[in-house]
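A.B. asks: Got a predicted model here, sequence first, then my questions.
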Amino acid sequence: MSPSAHTHVTRPERERAVLVGLASGRRGADEAEWSLDELEALADTAGADAVDRIIQRRDSPDPTTYLGKGKVDEVVGIAAALDAGLLIFDDELTPAQGRNLEEQAGVNPLAERGLKIVDRTGLILDIFAQHARSAEGKLQVELAQLNYGLPRLRGWGEVLSRMGGGIGTRRGPGETQLEAERRALLRRIQRVKKDLVELEQTREIKRKRRASGGAALIALVGYTNAGKSTLLRRLTGAGVLIEDQLFSTLDPTTRRLELEHGREVLLTDTVGFVQKLPTELVEAFHSTLEEVVEASLLLHIVDAGRDPVRQIDAVNTVLAQIGAADRPALLILNKTDLLTPAARDGLGARFADAVFLSAEHGGGVPGLRERIGAELARLWVEVELDVPFDHGEVVARLHDEGEVLQESYTDEGTQLTARVERDSLASLTPYLRTSA
């Protein structure tokens, strides 16, 4: 598989693609079809139209060509008959599988046009490259692309850098020899990491400044295109980008939300998840995803009309990857205005504790505000503390991690009234005066 190109060039015409998947092991035909539905949406977002889809049933992927060799010939023939320039595989191909598929398919990686082999990871990286807007987001995507492309170098960078671009070839190192390319990529990876560390430090300063205000952080998580940004705008009036596309939001947006009794919380939108989210992206976006790990509460948004269980499982898998599986979460079934009464009743019986709403039209949103307040009241507790002057680090921690409501001084130390997460009470026991 060819590494992707440095310059982003968009072809005026949309590309035609054949989607290829496997039904193997525990993954039955229904799950493979659902996965290809998602792959088709990803291809559409990237700028390609799926003209056919092929699923092969086998015990496991072929280690050399993913599909069986006979099936590869069949797929290549179908692509030629349909004038499709892309074969998009629904898993991440190993570098060897990519090279072997190109060889068997007669792919010329040096040609400006002709058949290209793209896998799910390369496709998602391509979409992220199109949608990254902030300096940090662009660097995070570049780092993921570089790490993905490093083991896939073929030594044809100079030619690739002159190619017309398109899905799977938008970026490339632009060197002539394989080892020179490898050294150049490694140097660039180190530079990008250094730049990201500097931006992450700035993000951490901003995060601590927000935390010092004492407001609880609530993170919106969910499947891509489930309606997180729409809900953020509905709740806070935030002017955020709303597009009916996968991964339209890459850069987190944080806004203040006022609950009952004047209490303010911080609500942050995050990048959407999909099944098989590339490890390279999870690692590259770790600083952005820290917002999720540090949140007091997660609002898990689900598109109620599109197999909620699969969405929930995929999101929970990513939450486990980033160390946020134990975060308290409130399940929200969105787009319920599009459901039939029978479908809504069925989901109500299955997800009795979920909040049902329409972020677009506002139905159910007042109830969500009440549930957020109730969840925070359950997770946070108001306490009164006496902290000796020689334990000033405790006061600093309360300002960083809690919400200090009152603060005064005596001859012995500092008296505080604060809201803190219930889980932190044990460490504050020596200083507790009374508990509200």
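C.D. replies: Right, received. Where do you want to start?
A.B. asks: Distance of Lys138 relative to Gly149?
C.D. replies: Counting by CB to CB, to the nearest Å, the separation of Lys138 from Gly149 is 16 Å. For the C-beta atoms, the positions are set from N, CA and C on the backbone; glycine is no exception.
A.B. asks: Looking at these two, which is more packed in?
C.D. replies: Gly149 (23 against 16; other CB atoms under 10 Å).
A.B. asks: hang on, that one packs against Arg188?
C.D. replies: No: the pair Gly149 / Arg188 is not scored as a contact, 10.3 Å apart, by CB atoms under 8 Å.
A.B. asks: Could you verify that Leu376 is part of a helix?
C.D. replies: Yes: the assignment for Leu376 by DSSP: H, G, I helix; E, B strand; the rest coil puts it in a helix.
A.B. asks: Start at 33, not 1
C.D. replies: All set: I'll call the first residue 33, so the last point we hit is now Leu408.
A.B. asks: Assess the claim that it and Leu299 are in contact.
C.D. replies: No: if you go by CB under 8 Å, Leu408 and Leu299 don't touch, sitting 11.9 Å apart.
A.B. asks: ok, these two, which is more surrounded?
C.D. replies: Leu299 (25 against 19).
A.B. asks: Quick one: residues contacting the residue nearest to the more buried one when sequence neighbours are not counted.
C.D. replies: Nearest residue to Leu299, sequence neighbours excluded (CB to CB, 6 or more residues apart in numbering): Leu289, at 4.6 Å. Counting by CB atoms under 8 Å, 6 or more residues apart in numbering, Leu289 touches Ile250, Leu267, Thr268, Glu296, Val297, Leu298, Leu299, Ile404.
A.B. asks: Counting neighbours, which of the residues you listed comes out on top?
C.D. replies: Neighbour max across the contacts of Leu289 (other CB under 10 Å) = Leu299, 25 neighbours.
A.B. asks: Phi and psi next, for Ala78.
C.D. replies: phi -80, psi -20 (degrees, to the nearest 10).
A.B. asks: Just give me the neighbour total for it.
C.D. replies: Neighbours of Ala78 (other CB under 10 Å): 28.
A.B. asks: OK, contacts around it?
C.D. replies: Ala78 neighbours (CB under 8 Å, 6+ apart): Leu155, Asp158, Ile159, Gln162, Ile199.
A.B. asks: Among these, name the ones in helices.
C.D. replies: Leu155, Asp158, Ile159, Gln162 (DSSP state H).
A.B. asks: and the gap between the second one and Thr311?
C.D. replies: Going from Asp158 to Thr311 by CB to CB gives 17 Å.
A.B. asks: out of those two, which sits in the busier spot?
C.D. replies: Asp158 (27 against 14).
A.B. asks: Show the model's pLDDT score for that one.
C.D. replies: Looking at Asp158, its pLDDT stands at 89.
A.B. asks: quick one, strands of the stretch 133-282 of the chain?
C.D. replies: 148-151, 248-254 (DSSP state E, counting those that start in this stretch).
A.B. asks: mind putting these in JSON lines, distance to Leu210 and mean pLDDT included?
C.D. replies: Shown next, in JSON lines, are those (distance: least, CB to CB, whole Å; pLDDT from 0 to 100):
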{"stretch": "strand 148-151", "distance to Leu210": "19", "mean pLDDT": "93"}
{"stretch": "strand 248-254", "distance to Leu210": "40", "mean pLDDT": "91"}
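A.B. asks: export the ones you listed to a markdown table and tack on distance to Gly53?
C.D. replies: Shown next, in a markdown table, are these (distance: least, CB to CB, whole Å):
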| stretch | distance to Gly53 |
| --- | --- |
| strand 148-151 | 11 |
| strand 248-254 | 24 |
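A.B. asks: Ok, which of these comes nearest Trp66?
C.D. replies: Closest of the strands of the stretch 133-282 of the chain to Trp66 is strand 248-254, at 17.0 Å (criterion: CB to CB).
A.B. asks: Now do the buried residues in the closest one.
C.D. replies: Within strand 248-254, the residues that count as buried by 16 or more other CB atoms under 10 Å are Ala248, Leu249, Ile250, Ala251, Leu252, Val253, Gly254.
A.B. asks: do stretch 121-139 as well
C.D. replies: 121-126, 129-134, 137, 139.
A.B. asks: gap between the two ends of that stretch?
C.D. replies: 15 Å (CA to CA, to the nearest Å).
A.B. asks: Now do the contacts for Tyr180.
C.D. replies: So, once contact is read as CB under 8 Å, 6+ apart, Tyr180 ends up touching Thr153, Gly154, Leu157, Pro310, Glu312.
A.B. asks: how much space between it and Leu125?
C.D. replies: 11 Å.
A.B. asks: Show me which of the contacts of Ala78 is closest to Leu330.
C.D. replies: Ile159 (24.0 Å).
A.B. asks: any idea how far Arg429 is from that closest one?
C.D. replies: 40 Å.
A.B. asks: So the two - more neighbours on which side?
C.D. replies: Ile159 (22 against 16).
A.B. asks: I'd guessed that one sits against Thr77; true?
C.D. replies: Yes: between Ile159 and Thr77 there is a contact under CB under 8 Å: 5.3 Å.
A.B. asks: Disregarding residues adjacent in the polypeptide, which is nearest to Leu457?
C.D. replies: Val413 (6.7 Å).
A.B. asks: thinking again about what came up before, nearest to Pro462, of the buried residues of strand 248-254?
C.D. replies: For the buried residues of strand 248-254, the nearest to Pro462 is Ala248 (24.1 Å; CB to CB).
A.B. asks: quick one: contacts for that closest one?
C.D. replies: Val297, Leu298, Ser328, Leu329, Leu408, Trp412, Glu435, Arg451.
A.B. asks: quick one: least confident of these?
C.D. replies: Glu435 (81).
A.B. asks: beta partners for it?
C.D. replies: Arg451 (DSSP bridges).
A.B. asks: Count the neighbours of Gly269 for me.
C.D. replies: 10.
A.B. asks: residue contacts, it?
C.D. replies: Contacts of Gly269 by CB under 8 Å, 6+ apart are Arg287.
A.B. asks: and the gap between it and Leu263?
C.D. replies: For Gly269 relative to Leu263 (CB to CB), the value is 12 Å.
A.B. asks: go on, Glu322?
C.D. replies: Shown here: Glu322 relative to Leu263, a distance of 21 Å by CB to CB.
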